[in-house]
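Participant: can you look at this prediction? I've put the sequence above it.
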Amino acid sequence: MTLQNRVDPWGRLHATPERGTMMGNRGGKFHRPDQTLGKRRWASAHWICCDMFYKDMKHEAMGQGYTSLFFLDEVTALAAGHRPCFFCRRKDAKAFLGDVRVGDFDLRLHAERLSQRTTGETIEGAMIERMGQAYAVKNQNLLLWSFGGYISAIPRASVASAITLTPPSIIAILKSGYKPRWHESAHQWD
């Protein structure tokens, strides 16, 4: 059975066979005992993005402790409002947050996740919505997102304005130089 734990750039959860390259969670367990979802989509404001494999640790995707989520890549996770994990990605998490306290950041980010997305600038590593589809900003291109990978590109200059999916606090971190991990399919447009 394919579980409803694959995350799209809007932060919605889907049941699809593609797992992507990264996993994470939303602050704990929010699935039901039969591994299905009710109305809840998070357990707390601590939404993280983790390495898929860490020190040979194994866990059940929808086990007792938390609801595991899967992302195409870190660019997708950031757009959905997740940040690097301090347990399995400590170096990345420190580079991401710098001196900002994680609890303060998570509360601010959670408020942004719940607010209306707005039109904004396009920055490398962010995602936008154009005509109902998600595109990742990479170099001079906008890459069309799918659960299996990036499937095509259009010139970045061809889009005058779009809805920014990546939350403002994460956009600020990308502007300061943080480089997220990309799915291998994105590199064909390097």
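Facilitator: Looks like it came in fine.
Participant: for the rest of this, base every contact and every neighbour count on C-alpha atoms.
Facilitator: Noted.
Participant: in its sheet, what does the helix or strand where residue 50 lies sit against?
Facilitator: Following DSSP states H and E, one finds residue 50 within strand 47-51. When pairing is defined by DSSP bridges, strand 47-51 lines up against strand 22-26 (antiparallel), strand 83-84 (parallel).
Participant: next helix or strand past the last one?
Facilitator: It stands for strand 83-84. helix 90-97.
Participant: angle of that next one against strand 47-51?
Facilitator: Angle of helix 90-97 versus strand 47-51, following axes from the mean of the first three to the mean of the last three Cα atoms, to 10 degrees, is 140 degrees.
Participant: residue 71 is nearest to which of the strands paired with strand 47-51?
Facilitator: strand 22-26 (5.3 Å; Cα to Cα).
Participant: could you give the mean pLDDT of the closest one?
Facilitator: Averaging pLDDT along strand 22-26 gives 94.
Participant: what does that strand rub up against?
Facilitator: Residues from elsewhere that reach strand 22-26 (Cα atoms under 8 Å, 6 or more residues apart in numbering): 41-52, 66-74.
Participant: from the chain's centre, how far out does that strand sit?
Facilitator: Strand 22-26 has its C-alpha centroid displaced from the chain centroid by 8 Å (Cα atoms, centre = their mean, to the nearest Å).
Participant: ok, now stretch 114-127?
Facilitator: Worked out by Cα atoms, centre = their mean, stretch 114-127 lies 13 Å from the chain centre.
Participant: who's in contact with the closest residue to residue 31 other than its chain neighbours?
Facilitator: Sequence neighbours aside, residue 37 is the residue nearest to residue 31 in space, at 4.9 Å (criterion: Cα to Cα, 6 or more residues apart in numbering). Contacts of residue 37 were listed using Cα under 8 Å, 6+ apart, and they are 4, 30-31.
Participant: just the pLDDT for residue 37.
Facilitator: 91.
Participant: kindly report the same for residue 60.
Facilitator: For residue 60, pLDDT reads 69.
Participant: residue 85 too?
Facilitator: For residue 85, pLDDT reads 95.
Participant: the residue most central in space within the chain sits in which helix or strand?
Facilitator: The structure's the chain has its C-alpha centroid closest to residue 77; by Cα atoms, centre = their mean the separation is 0.9 Å. Using DSSP H and E, residue 77 falls within helix 74-79.
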